[in-house]
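>>> Everything below, folded, please.
(4 chains)
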Amino acid sequence: MSFNSMELMICLAARNLEDNSIVVVGTGGPCAAAMLAQKTVAPNLNILFEAGGLGPELPSMPISVGDSRTFHRAIAATSMPEIMETCQRGMVDYTFLGGAQLDMYGNINSTMIGTDHSKPKVRMPGSGGANDLGSLCWKTMVMTVHNAKRFVKKCDFITTPGYLTGPGAREAAGLPPGTGPFKVITDLCVMGYDKDTCRMQVESIHHGVTKQQIIENTEFELLWAKEIKETAPPTELELKILREQVDPLNYVIGRAG
Amino acid sequence: MSFNSMELMICLAARNLEDNSIVVVGTGGPCAAAMLAQKTVAPNLNILFEAGGLGPELPSMPISVGDSRTFHRAIAATSMPEIMETCQRGMVDYTFLGGAQLDMYGNINSTMIGTDHSKPKVRMPGSGGANDLGSLCWKTMVMTVHNAKRFVKKCDFITTPGYLTGPGAREAAGLPPGTGPFKVITDLCVMGYDKDTCRMQVESIHHGVTKQQIIENTEFELLWAKEIKETAPPTELELKILREQVDPLNYVIGRAG
Amino acid sequence: MTNLKIKDNPDLFVKPDVNGMREYFRNKPLKMVNKVTTVKEAVEKYVKDGDYLGVGGFGASRIPAAVLHEIVRQKKKNLGLSGHTATHDMQILAAGDCFNRCDIAYVVGLEARGLSKTSRKAFESGKVKAVEWSNAALAWRYKAAAMGIPFMPSRILLGTDTAKYSAFETITCPYTGMKLAALPALFPDIAIVHVHRADVYGNCQVDGIMISDSDLVRASKRVIVTTERLIPHELIRENSDRTVIPYFCVDAVIEVPYGSYPGNMAGEYFSDEDHLQEWLEAEKTDESLKKFLDKYIYGVKDFNEYLYLCGGIEKLRKLRNQEYLIDTNK
Amino acid sequence: MTNLKIKDNPDLFVKPDVNGMREYFRNKPLKMVNKVTTVKEAVEKYVKDGDYLGVGGFGASRIPAAVLHEIVRQKKKNLGLSGHTATHDMQILAAGDCFNRCDIAYVVGLEARGLSKTSRKAFESGKVKAVEWSNAALAWRYKAAAMGIPFMPSRILLGTDTAKYSAFETITCPYTGMKLAALPALFPDIAIVHVHRADVYGNCQVDGIMISDSDLVRASKRVIVTTERLIPHELIRENSDRTVIPYFCVDAVIEVPYGSYPGNMAGEYFSDEDHLQEWLEAEKTDESLKKFLDKYIYGVKDFNEYLYLCGGIEKLRKLRNQEYLIDTNK
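A predicted model of the protein is given here:
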């Protein structure tokens, strides 16, 4: 069964969500991954949305983190403080974040491209809830296409903390201990972080992708796990559920080629 | 028309509540005063209870600050934080407090009698919401019987701040500027506070009461307003409403002789 | 995991260790499973001698009376108690001699009803260590804990003896220079609350005022919920903006109709003022109290028997009339 | 009245002057009177050039679109804006060139829908002064203000460039020694929110998520509420635990059915994604935007005309089908 890169990333992301855990997601791919996980590996995954939705039965892909789908037949329709405080209290296992730039410590830029904050070359949305979720949730995941413009030596702006400058830096800054980047899932590979250095490390490479390809599409120097596997591709069942039940209108999985 | 001292105090307290203002009350006399005010001088007085009731249509005297009467047909049934934060934000004009001891600055003791906090002679309830309301509401009123055991030179314990040690002391302690004791209504007289010294000052004396009687029943030295009037007694209408509509079961007004 | 050196203050019964609590909450089983049990089992399993206890409701309104009785019946000892308008709840626990330290907002009184002699004696004898706070202080301490922050700034307690016998630090605001009371986050070991409706997972809905229960259950390590009625999970999802406690805060759910008796339950039944007076009367001598407790708590196997002794369904029917302001003389 | 020396920081658009705000709230008329007016009059009276504005809802969900249009129509200028997930709301205000400074949480984007060129230009041109925060930061800044405290401790923003271009102070916890971000209370001059139900006095009820509106309206000096429907005061009292905004926070109430259009209103109508795309399209050139604004905002006298231009009741009927997940092909 063939699949596109978005379908691949969604399936891989879903597998990383443990059952009975809690995840805060946004719209798009991450939400699709959480929905797929609920229908496969994690039937009791609780999905939270930062505007207040808690444990909805999602009838379709939400367009906004605050639209009525995000609390459709929910366990609770709450508020932004309630969701953020649940994170700050330490009860939320996962979040997914995106951004225009990532560095080797998993720091994320979603604020601006350029060097002058008062007159940026490109103004992007900013933190939204990203800084909050990346600071407070236990494990932060990123799903993104892989290229050298995105995986950069230095972010123009660090919107959301990854491991900042390396081991101990989050704690020194005052962020909750034990939190931080967990996985980066791209169209080329799956990466985690090396425990000792807190640097991004390739764990598995997708079928048909070469190591060289990954190196060329990454501006910084990557680490490589001792054993690098080939990524297990999406199963037929995963794809079927994703296409028929999670995103039947091709809203998200139609985006990638 | 004759009346007892509790009826007198309730009527006088009610007259001190401006229309369209907000008051936090407890049970008993203060609640009766607020209810009477709503039916006389202050039809749009909004009554709050610290457990969460906001603007109820009180069907009878509540037994508890948290019982269901306190939010019967209320404008909002909220929470303790909501009420306390409304006070801290500066939106609440009045509160009524009680206590076993009061000093000349209006400091109140509702915690203990004795000198050893770890083994008090008499343990009383403590602050409850009194310290909060006395710190945060603009004007604090007290309704109490008048005797020298209650109006003392020095409280055994200052539970709730009056003017503390005098002018500027509240502000120096960090309490919100402009707040503090406003009136003390007893079975002998009505007292306010002298602006310059922050000390308790007699403003009007009830019919049949002598100055000497007040002095004898007050352990500390009182100030006396330049013009001391005789307190205007309860009107027939006030008493009628109080007895027939506010407290028909004599729950509060039956307590005093 | 946490390397913080938390200030040592013997009057601070529970340390505002937000990092430690994050680890605790991370490892707490967050599974949405059927948590229905009995009051007996819940107290056996979740209330340990020495625990710090927070009680929901307000004095004698929406209180978890069945759990309080069971704590006495099981002779739990040396509890720490959050005295957040603790009236009849404290009276029960004092009768059982269950606590030895107390963060005080409101204690020993039953509001307009009078004073509990047993509760007073607990403090006047020096047996219970008392630290002074206020209702807002304890409410905001719960809130800080529920928010996952080590303290909440506030403008109360300042300048008084309440502050001298309290355990908070004052701070200076970095913006305004003003002095503030920094109220330390309060994380009870165990919270017990009574609600109107819950599903088997512990998703709860409450009618009327919340008092401080939203924050209390979020702040606590373990939570026992008693509910007037269990409802289908479906009904939670159909009224999701009424859910005030989500399942992941809750460890045990027990259906206890009339579970706030003799306290008031909004929309269900008024407080039984006669029985509350019987309590106050019973406290007059040690003998009468012992007899009273033997009859109503130690001598019964559960709360249902207690309700029957107090007049059973017929009495509760009358209290419903009273709650509804229906004249029962007719 | 207040002698506090509040730290001067040009990036702190609104000072956390809790004492000054206490005086303001004390003197605000708290009378429960009929506050029903028109959008035009409310904006004329309560929104002044230079004011700091907070907008309720979340991006394109439950937003006060009618008031936003009127602010553009009345050519309000130099507003400060709280960018608390400001998506379509910011797009409207940017099209009208209404603001010159912004506390940023989320701006210029419309979530999954794309980016607003006008909003981007406002920042990229250097015309709008930008200070960085996050959604939780602005939510908790409102909360601090609503609570009447000058700051809220938190564990976000730390260690990032978001912090460098922000305006908060870090503090050390007096209990744990940990570093915290002290988020300064944010008191907007004016808040505009859209709700499901309100009475003429401004008591409001909302279905579904509250987002940050509870705190926003309590934090703000002046509050304009638009409501899907005015309801009798009686209905507020019959469901008093649904009241999320009490009258004393509110200055003006306007009944605006479909007032969140083209945004989503939970239980009422889904967002009009076609019209939101039309907005994004219109922004491609200055000419097309001018034409678009002339047609939909400057050229109409009120929101009712705008709704008619967008398809009127028939269109809104379809959006209700969509909200209810009713297949409209049949």
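
>>> switch to C-alpha atoms for all contacts and neighbour counts from now on
Will do.

>>> and the stretch 101-250 of chain A, which residues reach chain C?
A:176-178 (CA under 8 Å from any CA of the partner chain).

>>> Report the distance from the one helix or strand residue A:239 maps to to the chain centre.
Using DSSP states H and E, residue A:239 sits within helix A:236-241. Remark: helix A:236-241 is offset 21 Å from the chain centroid, using CA atoms, centre = their mean, to the nearest Å.

>>> Check stretch C:139-156 too.
18 Å.

>>> Can you show me the CA trace of it as PDB?
Presented in PDB, the C-alpha positions along stretch C:139-156 are these (Å, rounded to 0.1, in the frame of the first residue of the first chain):
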ATOM      1  CA  ALA C 139      -8.600  28.800  49.100                       C
ATOM      2  CA  TRP C 140      -5.700  30.500  47.300                       C
ATOM      3  CA  ARG C 141      -3.200  28.000  48.700                       C
ATOM      4  CA  TYR C 142      -5.300  25.200  47.000                       C
ATOM      5  CA  LYS C 143      -5.400  27.300  43.900                       C
ATOM      6  CA  ALA C 144      -1.600  27.800  43.700                       C
ATOM      7  CA  ALA C 145      -1.200  24.000  44.100                       C
ATOM      8  CA  ALA C 146      -3.900  23.400  41.400                       C
ATOM      9  CA  MET C 147      -2.000  25.800  39.100                       C
ATOM     10  CA  GLY C 148       1.300  24.100  39.800                       C
ATOM     11  CA  ILE C 149       3.000  27.200  41.200                       C
ATOM     12  CA  PRO C 150       4.800  27.300  44.600                       C
ATOM     13  CA  PHE C 151       2.900  30.300  45.900                       C
ATOM     14  CA  MET C 152       0.100  32.800  45.200                       C
ATOM     15  CA  PRO C 153       0.600  36.500  45.900                       C
ATOM     16  CA  SER C 154      -2.100  38.100  48.000                       C
ATOM     17  CA  ARG C 155      -3.000  41.200  50.000                       C
ATOM     18  CA  ILE C 156      -4.400  39.500  53.100                       C
END
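
>>> touching chain B at all, that stretch?
Yes. For stretch C:139-156, a contact with chain B is found by CA under 8 Å from any CA, at C:139-140, C:155-156.

>>> Out of the residues you listed, which are close to chain D?
Restricting these to those touching chain D (CA under 8 Å from any CA) yields residue C:155.

>>> Compare the residues of stretch C:139-156 next to chain B and tell me which has the most neighbours.
Of all those, the most densely surrounded is residue C:156 (30 neighbours; neighbours counted as other CA atoms under 10 Å in any protein chain shown).

>>> What residues does it make contact with?
B:131-132, B:135-136, B:175, C:137, C:181 (CA atoms under 8 Å, 6 or more residues apart in numbering or on different chains).

>>> So which of those residues reach chain A?
Subset of the contacts of residue C:156 in contact with chain A: empty, counting by CA under 8 Å from any CA.

>>> and which of those is nearest to residue D:315?
residue B:136 (50.8 Å; CA to CA).

>>> ok, now which ones touch residue C:32?
Neighbouring residues of residue C:32 by CA under 8 Å, 6+ apart: A:20, A:44, C:201, C:247-248.

>>> Point out the residues in the stretch 1-150 of chain C that sit beside chain A.
Residues of the stretch 1-150 of chain C lying near chain A (CA under 8 Å from any CA): C:1-2, C:18-19, C:21-23, C:25-26, C:30-32, C:145-149.
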